[in-house]
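Student: build me a model:
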Amino acid sequence: MPRKQASKKKVALPVLNPDAAGVDIGATEIYVAVPADRDPDPVQMFLTFTVDLNKLADWLQQCRIRTVAMESTGVYWIPLMQILEDRGVEVFLVNAKHVKNVPGRRTDVSDCQWLQYLHSVGLLRASFRPTQNVCAIRSLLRHRDSLVEMATCHVHHMQKALDQMNLQIHHVIADITGTTGSAIIDEILSGERDPEKLAKLRDPRIRASHETIAKSLVGDYRPEHLFTLRQSIDLYREYQKKIVACEAEMQRLMKSFESKADPSSLPVAKDSIKKCKVMAPAKALALREEGYRILGVDLTTIPGISVLHVQTIVAELGSDLSKFRSASAFSSWMGLCPDNDISGGKVLWSGTRKVKNRIALTLRMAAQSLQQSQSALGDFYRRMRAKLGAPKAITATAHKLARIVYHLLITREAYDDSVFAKAEERYRKRSENRLKAQAHALGFALVPADQ
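Tutor: Residues are numbered from 1 along each chain as shown. Sure, this is the predicted structure:
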């Protein structure tokens, strides 16, 4: 029987997005590829000046392009994406790992053509990007975090100057930028050197005694270190002013968000205000009410979640999580769930992906704060810590918090701790039955402690 010859016909994937283009982003040049039938020169290069970006958008519209795929390269993609979205072009911001080209010679031209091909056959998935008003708040919040980091550097400079003068005041009081520390440093920079007079500036709430503070202020006041101390505290206070101005601008922009609930209907919950120990109660209450108004649900009722965590969630996500198909997809986006590598039925690797996500970091911090919590989530964290260790317990608890946050924001339901309390009660019952079975196998019987 004659052998059948293999077919030499090429199999082509169906084109799902015929009006798709691919863009390779660079710092100074941008390469764009459109379908071959749209222009005699389907691959063109544009500079990154605003005038050239507008020419790029005009060319895409002339080629009847409706959707564009580009990699998230640094921050270079932001101006082009904003211009294209204003023109009504759908932009797919894709992960660079998902569009890795096949081995071989790699150029900017081949990269944009590869992006165009993958997007035309529907093999690309857009990364999550919130709406423009949320992006504005997100930019300000991240800028505020940078200001806080830079202000902290100047606190370290102040401590270094005090160490070099052998002034131990920052080891005696908890915060040298507080009421007592600022008053003492101002007097030192004004020329006061008497430890007793400086110690009289002690706030009554300071635990250290007058004698201890006076003893810590005996040192070697050298002019070069005093100069460093003066500049450091001036820069710290300047950054504090910038932080206050940034927060005021954030509050102004947040007022433009659509209201999902009436803040006057928010029940009083003192515990949620106590969670935030770095903010005045009145300011924390205002942030809690604003978060409730925007999200439509009070996330501070979740154990471990403070008003600062809610502020981060509002700035990074907004109130609409409909782009995530499920809580599992939401957790996977943050890298909080296991990512198994299975080949031939064998698990080659199991663990969480290395993802830099600010929401994931926020939820990890909230999970770590549950180690002393008497809630059901606190019991879960301590149980996971005894079983898996602290790092994995933090990840597991952050994963549970992520699913809770997703459920509350999707359903607008209030947090109910009794659901998790019942789960913990079932776990306790299973543990009790297991211990009874082990004791019976050894010839013993378990007796409750109250009998």
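Student: so what's the residue nearest the centre of the chain scoring on pLDDT?
Tutor: For the chain, the residue nearest the mean C-alpha position is Arg358 (1.2 Å; C-alpha atoms, centre = their mean). At Arg358, the predicted lDDT confidence score is 92.
Student: and if you look at Leu408?
Tutor: 93.
Student: and the residue nearest to the centre of the chain, how far is that from Phe49?
Tutor: The gap separating Arg358 from Phe49 is 31 Å, by C-beta to C-beta, to the nearest Å. No exception for glycine: its C-beta is placed from N, CA and C like everyone else's.
Student: now the strands for the chain?
Tutor: Along the chain, counting by DSSP state E, strands occupy 20-24, 29-33, 43-47, 67-71, 90-94, 341-343, 346-349.
Student: distance to Val405, mean neighbour count and mean pLDDT added to the ones you listed, as CSV?
Tutor: Shown next, in CSV, are those (distance: least, C-beta to C-beta, whole Å; neighbours: other C-beta atoms under 10 Å; pLDDT from 0 to 100):
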stretch, distance to Val405, mean neighbour count, mean pLDDT
strand 20-24, 34, 26, 93
strand 29-33, 37, 21, 93
strand 43-47, 41, 17, 94
strand 67-71, 29, 24, 92
strand 90-94, 23, 19, 91
strand 341-343, 28, 9, 76
strand 346-349, 28, 9, 77
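Student: same list, the ones you listed, but as JSON lines with distance to Thr312 please.
Tutor: Below are the strands of the chain laid out as JSON lines (distance: least, C-beta to C-beta, whole Å):
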{"stretch": "strand 20-24", "distance to Thr312": "31"}
{"stretch": "strand 29-33", "distance to Thr312": "32"}
{"stretch": "strand 43-47", "distance to Thr312": "36"}
{"stretch": "strand 67-71", "distance to Thr312": "26"}
{"stretch": "strand 90-94", "distance to Thr312": "21"}
{"stretch": "strand 341-343", "distance to Thr312": "31"}
{"stretch": "strand 346-349", "distance to Thr312": "31"}
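Student: who wins for proximity to Arg382 among the ones you listed?
Tutor: Closest approach to Arg382 among the strands of the chain (C-beta to C-beta): strand 346-349, 27.9 Å.
Student: tell me which strands and helices that closest one is in contact with?
Tutor: Counting contacts by 3 or more C-beta pairs under 8 Å, 6 or more residues apart in numbering; DSSP states H and E, strand 346-349 is packed against strand 341-343.
Student: what strands flank the strand it packs on, and is each parallel or antiparallel?
Tutor: With DSSP bridges as the test, strand 341-343 is paired with strand 346-349 (antiparallel).
Student: before we move on, the earlier item: out of the strands of the chain, nearest to Pro281?
Tutor: For Pro281, the closest of the strands of the chain is strand 90-94, at 40.1 Å, according to C-beta to C-beta.
Student: which residues touch the closest one?
Tutor: Contacting residues not belonging to strand 90-94 are listed as 66-72, 77, 81, 84-85, 115, 119, 124-127, 129 [C-beta atoms under 8 Å, 6 or more residues apart in numbering].
Student: rerun at 6 Å
Tutor: Strand 90-94 has contacts (C-beta atoms under 6 Å, 6 or more residues apart in numbering) with Thr67, Val68, Ala69, Ser72, Met81, Leu84, Glu85, Leu124, Ala126, Ser127, Arg129.
Student: residues in contact with the fifth one?
Tutor: Yep, that's Met81 we're talking about. Taking C-beta under 6 Å, 6+ apart, we find Met81 in contact with Val91.
Student: quick check, pLDDT for it.
Tutor: We have a pLDDT of 92 for Met81.
Student: mind checking which helix or strand of the protein has the lowest mean pLDDT?
Tutor: The weakest-scoring helix or strand in the chain, judged by mean pLDDT, DSSP states H and E, is helix 270-274 (a mean of 55).
Student: how about low-confidence regions in the stretch 201-350 of the chain?
Tutor: 268-278 (pLDDT under 70).
Student: wait, Leu217 sits on Pro195?
Tutor: Yes. The criterion here is C-beta atoms under 6 Å, and Leu217 meets it with Pro195 at 4.2 Å.
Student: name the residue in those two with the higher neighbour count.
Tutor: More crowded of Leu217 and Pro195, by other C-beta atoms under 10 Å: Leu217, with 25 against 18.
Student: and the helices in the stretch 351-451 of the chain?
Tutor: Using DSSP state H, counting those that start in this stretch, the helices assigned to the stretch 351-451 of the chain run over residues 358-368, 376-388, 390-411, 417-441.
Student: save those as CSV, and put in distance to Glu149 too.
Tutor: Formatted as CSV, the helices of the stretch 351-451 of the chain follow (distance: least, C-beta to C-beta, whole Å):
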stretch, distance to Glu149
helix 358-368, 14
helix 376-388, 28
helix 390-411, 22
helix 417-441, 35
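Student: which of these comes out lowest on mean pLDDT?
Tutor: Looking at the helices of the stretch 351-451 of the chain, the bottom one is helix 417-441 with a mean of 84.
Student: buried residues, it. List them.
Tutor: Phe420, Glu424 (16 or more other C-beta atoms under 10 Å).
Student: also stretch 354-364?
Tutor: Neighbour-count burial for stretch 354-364, counted by 16+ other C-beta under 10 Å, picks out Arg358, Ile359, Ala360, Thr362, Leu363, Arg364.
Student: re the thing from before, mind checking which of the contacts of strand 90-94 land in helices?
Tutor: Of the contacts of strand 90-94, the ones assigned to helices by DSSP state H are Met81, Leu84, Glu85.
Student: just list the residues touching the second one, thanks.
Tutor: Pointing back at Leu84 there. Contacts for Leu84 (C-beta under 6 Å, 6+ apart) come out as Ala57, Val91.
Student: nearest spatial neighbour of Leu167, skipping sequence neighbours?
Tutor: What sits nearest to Leu167 in space, not counting adjacent residues and going by C-beta to C-beta, 6 or more residues apart in numbering, is Gly219, at 4.2 Å.
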